[in-house]
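K.L.:
Starting from these lines, generate the structure:
(one chain, ligands or ions: 1)
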Amino acid sequence: MQPELIPFSRPFLAPASLERLTAVLGSDHAHGDGPFTRSASDRLSTILDGGEVLLTTSGTHALEMASRLLELGPGDEVVLSSFTFSSAATAIAATGATIVFVDIDASTGNVDPDQVAEAVSPRTRAISVMHYGGTPVDMAAIGSIAADAGGLPVIEDNAHGLGVRSQWGVLGRIGTFGVQSFHDTKNVHAGEGGALVLNDAHHRLRAEIIREKGTNRSQFLRGAVDRYTWVDWGSSYLPSELNAAVLDAQLAAFDEIQASRHAVWDRYAAELGEWADLVGATLMRPPGGIHAAHLFFVLLPSRHDQADFIATLAAQGIVAAFHYVPLDSSPAGRRYGRPLRELVRSEEFSRRLVRLPLWAGMTTGQVDRVIDAVTAWRPGEAER
Ligand SMILES: *Cc1c(COP(=O)(O)O)cnc(C)c1O
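P.N.:
Here you go, the predicted structure:
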């Protein structure tokens, strides 16, 4: 008999989600910016310790809004780690600006600030960073590079790190913009969804306009203007109340979700160490122990081990995954950007990395099975 499949990720089902959805469907307000959008935005602000929160249809769209608010365009450059999700890059490419890809710190997967400093030129208009697994990027170093370059805006992609507190502040609140994703693979989800966090109040009015199809409807709803009309470039970046209702239920359960995910993460960290030492693998070890329990990664001894490790677990009904292919070597990355130089650490990290199943509600038995499968794996001799 095949063992029960252990998926890589499983969306959390928050209590009272169905009640909230039924309430929206039975009301006259299923479009955006209704009571559940307000409630979810307030909960998010509480988790983030403030900040002006605008819910969006995705994290990708929040990144796009940030690019538009910065009025990026052809001839401009944005510095970005090559080891990140493609959305951060495509949001820049959409404006015609050029991406300058830089390398990572080989222990965390986060951007290396020294490379950011080197990549900044007179054409640089922004720095975009991502807290991998919710382990904080050195925001003091990034902040001082941005200040030295005359106050460059910083986009903080915090899709992995909701609720994480660092020595530089709550993640998502430190840069000019914070970006959250509520895709159903993230700790908190709305099916698809996201949020733009404005940490600089002067962007608020234009952000509302861009999000509402280029109109000043938000001001109209607040009674600030007596009619609303088309005033600027925009799109439809606001989620429906259906998505907001699901998100509201998830955010209400945030502490429970995080406690459950951290318990799984802690078991991997505690019970895989001996195996890692034996085979020469490296476990995720965040500096200061700070992370969001969004993911648990293992760096295998060599790049030849990745496919075999994933296949060995798959044969036991366990889905492990790798990501990201370094963006500078991707077809679109070559078209829309260029690397600062050869980015050897991103390449090596991406070839050796595997991620283990991790979600809220994973049972002890499921975690046992993953740990048993991993600790039974040994590197092959053939490729060496
Ligand atoms: C998921 C993710 C995004 C994109 O978010 P969507 O809501 O799926 O558009 C952006 N950046 C990172 C690092 C992500 O993990």
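K.L.:
per-domain residue ranges of this structure.
P.N.:
With automatic domain parsing as the criterion, the domains of the chain are listed as 17-252, 254-376.
K.L.:
Against M284, how distant is Q167?
P.N.:
According to C-beta to C-beta, to the nearest Å, Q167 stands 20 Å off from M284. C-beta here means a position set from N, CA and C on the backbone, and glycine is covered the same way.
K.L.:
more crowded one of these two?
P.N.:
M284 (23 against 10; other C-beta atoms under 10 Å).
K.L.:
Return the residues in contact with the residue lying closest to the more buried one once chain neighbours are set aside.
P.N.:
Closest residue to M284 apart from its sequence neighbours, by C-beta to C-beta, 6 or more residues apart in numbering: F297 at 4.6 Å. F297 makes contact with 109, 133, 283-284, 353-356, according to C-beta atoms under 8 Å, 6 or more residues apart in numbering.
K.L.:
What is the longest helix of the protein by residue count?
P.N.:
helix 254-271 (DSSP state H).
K.L.:
roughly how far out does the following helix or strand past it sit from the chain middle?
P.N.:
Remark: after helix 254-271, the chain's next helix or strand is helix 273-279, criterion DSSP states H and E. Helix 273-279 sits 29 Å away from the centroid of its parent chain (C-alpha atoms, centre = their mean, to the nearest Å).
K.L.:
Give me the pLDDT for the residue of the chain found nearest the ligand.
P.N.:
Going by C-beta to the nearest ligand atom, the ligand is nearest to G59 of the chain, at 2.7 Å. pLDDT for G59: 98.
K.L.:
and it, how many residues sit next to it?
P.N.:
26.
K.L.:
Which strand or helix spans Q250?
P.N.:
helix 241-252.
K.L.:
Span of stretch 169-182 from start to end?
P.N.:
End-to-end distance of stretch 169-182 (C-alpha to C-alpha, to the nearest Å): 21 Å.
K.L.:
same thing with stretch 304-321?
P.N.:
First-to-last residue span, stretch 304-321, C-alpha to C-alpha: 15 Å.
K.L.:
now stretch 325-337
P.N.:
15 Å.
K.L.:
and it, how far from the chain's centre?
P.N.:
19 Å.
K.L.:
How about stretch 176-191?
P.N.:
For stretch 176-191, the distance to the chain centre is 7 Å (C-alpha atoms, centre = their mean).
K.L.:
and that stretch, is it in reach of the ligand?
P.N.:
Yes: between stretch 176-191 and the ligand, judged by C-beta under 6 Å from any ligand atom, the touching residues are 181, 183.
K.L.:
tell me which residues of that stretch are tucked away?
P.N.:
176-190 (16 or more other C-beta atoms under 10 Å).
K.L.:
Which two of those residues have the greatest separation?
P.N.:
Farthest-apart pair in the buried residues of stretch 176-191 is T176 and D184; separation 28.0 Å (C-beta to C-beta).
K.L.:
ok, A276 - contacts?
P.N.:
Here A276 is in contact with 282-283, 298 (C-beta under 8 Å, 6+ apart).
K.L.:
E271: what's it in contact with?
P.N.:
Contacts of E271 by C-beta under 8 Å, 6+ apart are 371, 375.
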